[in-house]
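Undergrad: structure for this input, please:
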Amino acid sequence: MTPDSASDLELALSMADTADAITMAHFLSLHLVIDTKPDLTPVTEADRHCEQTLRKILNEQRPTDAVLGEEFGVTGDSNRQWIIDPIDGTKNYVRGVPVWATLIALALDDEVVIGVVSAPALGRRWWARVGGGAWQSTFGAPATSLRVSSVHSIADASLSYSDSVGWENALPKLVAATWRQRAYGDFWSHMLVAEGAVDLSVEPADLGPWDVAALIPIVTEAGGTITAIDGTPVLRGESAVASNGLLHQDLLRLLAD
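TA: Residues are numbered from 1 along each chain as shown. Next up, the predicted model:
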C-alpha cells in the first residue's frame, strides 16, 4: 500500500529529529574531519554520517522508494524519490556560523510534495506538504502557519541572496531596484520569503536538486513562487528565485536584463 502524504510528512519530521541530533553533535567540534570534494566545496564527516543514517531509515521505512542525496548520489528506481541535503550551508557549519540546515524532500514524478528544512543551531524548523499549508516552529514551540508578504512594488521589496559570486553585474541592478538587501544566504533566504519577512530571494547558479527540493512546497504553500532564474521549474534548473508571487515577474525581468 502506498503511504499517504500525512505519514510521509510524519516520517520526514522524524528524520529531521535524527539529523538534528547528528549535526549538532558534530557542530563546533574540535575534532570535526573536513574534506574537499572535486568541486572544491567542503564536506564533513557530519554530512556523510547524517546522510547515511537517513538513508538507513528510508531503507527500513520506505524500502521501495528511491533516494537522491548530495553525498552519495541516487539509489533505487521509483516515481517516489526522497531528496536529501544533509547539511545545506557546510561552509557556515565548518566555521561555527549557525546558519545551516538539513533539507529533506519527497518528490512524486518530479513534483515535490513534502519539504522539511531543519536548522537546529538556529532553533528553527520549516515544513510543508502539498495541500496542507506551510508551517514553522521556533525552539520547539507550537507550530504557526506561514504566509508570504503582500508587498506589490519591487521598489519597496526586501531582497536576500547568498553571495555575489558569479553575478556581480546583475546584483547592482537588484540593489538599485529594491528597498533593502541582505545576504542571509542559502536556505534561510527562501524561508524568510515564506515567512513574509523578506520579499525576494535569489541564488543564481550551481545548485543541485538537494539544494532546492525541500524549499519548493514550503514557499508555494505559503503563497509564494519559486522558479529557476529563467522562470523554468526550479528542481532541475541549477538556480533559485523565490518571491511573494506578486513580484516574481518583475524580478525575473530584472535578472534577464
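Undergrad: give the rounded mean pLDDT of the helix or strand hosting P172.
TA: Per DSSP states H and E: P172 is located in helix 171-177. What helix 171-177 shows for mean pLDDT is 92.
Undergrad: next secondary structure after that helix?
TA: Later in the chain than helix 171-177, the nearest helix or strand by DSSP H and E is strand 180-182.
Undergrad: and that following strand, how far from the chain's centre?
TA: Distance, stretch centre to chain centre, for strand 180-182: 20 Å (Cα atoms, centre = their mean, to the nearest Å).
Undergrad: can we start the residue count at 896 from this point?
TA: Yep, numbering from 896; the last one is strand 1075-1077 now.
Undergrad: which elements pack onto it?
TA: strand 1053-1056 (3 or more Cβ pairs under 8 Å, 6 or more residues apart in numbering; DSSP states H and E). C-beta here means a position set from N, CA and C on the backbone, and glycine is covered the same way.
Undergrad: now the longest helix anywhere in the chain: buried residues?
TA: Of all segments of type helix in the chain, defined using DSSP state H, the longest is helix 900-921. Of the residues in helix 900-921, 903-904, 906-908, 910-911, 913-915, 917-918, 921 count as buried by neighbour count, 16 or more other Cβ atoms under 10 Å.
Undergrad: re the thing from before, from the contact counts, what lies against the helix holding P1067?
TA: strand 1053-1056, helix 1143-1151.
Undergrad: determine which stretch of these is the most buried.
TA: Of the helices and strands packed on helix 1066-1072, the one with the most neighbours on average (mean count of other Cβ atoms under 10 Å) is strand 1053-1056, at a mean of 22.
Undergrad: what about the strands in the stretch 996-1145 of the chain?
TA: Ranges of strands within the stretch 996-1145 of the chain are 996-1003, 1006-1014, 1019-1024, 1029-1033, 1039-1040, 1053-1056, 1075-1077, 1095-1098, 1120-1122, 1135-1138, based on DSSP state E, counting those that start in this stretch.
Undergrad: nearest to G968, out of the ones you listed?
TA: Shortest distance between G968 and the strands of the stretch 996-1145 of the chain, using Cβ to Cβ, is found for strand 996-1003: 15.5 Å.
Undergrad: pLDDT of the closest one, averaged?
TA: Averaging pLDDT along strand 996-1003 gives 98.
Undergrad: separation between the residue nearest to L923 when sequence neighbours are not counted and G984?
TA: Leaving aside its sequence neighbours, L923 sits nearest to G991 (Cβ to Cβ, 6 or more residues apart in numbering; 5.6 Å). To G984, G991 is 12 Å away according to Cβ to Cβ, to the nearest Å.
Undergrad: and E1006, by the same measure?
TA: From E1006 across to G984, the span is 26 Å (Cβ to Cβ).
Undergrad: the more surrounded of the two?
TA: G984 (22 against 13; other Cβ atoms under 10 Å).
Undergrad: quick one, what contacts the more buried one?
TA: 992, 994-996, 1080-1082 (Cβ atoms under 8 Å, 6 or more residues apart in numbering).
Undergrad: okay, now the closest residue to it other than its chain neighbours: neighbour count?
TA: Spatial nearest neighbour of G984, excluding adjacent residues (Cβ to Cβ, 6+ apart): W995 at 3.4 Å. The tally of other residues near W995 (other Cβ under 10 Å) stands at 26.
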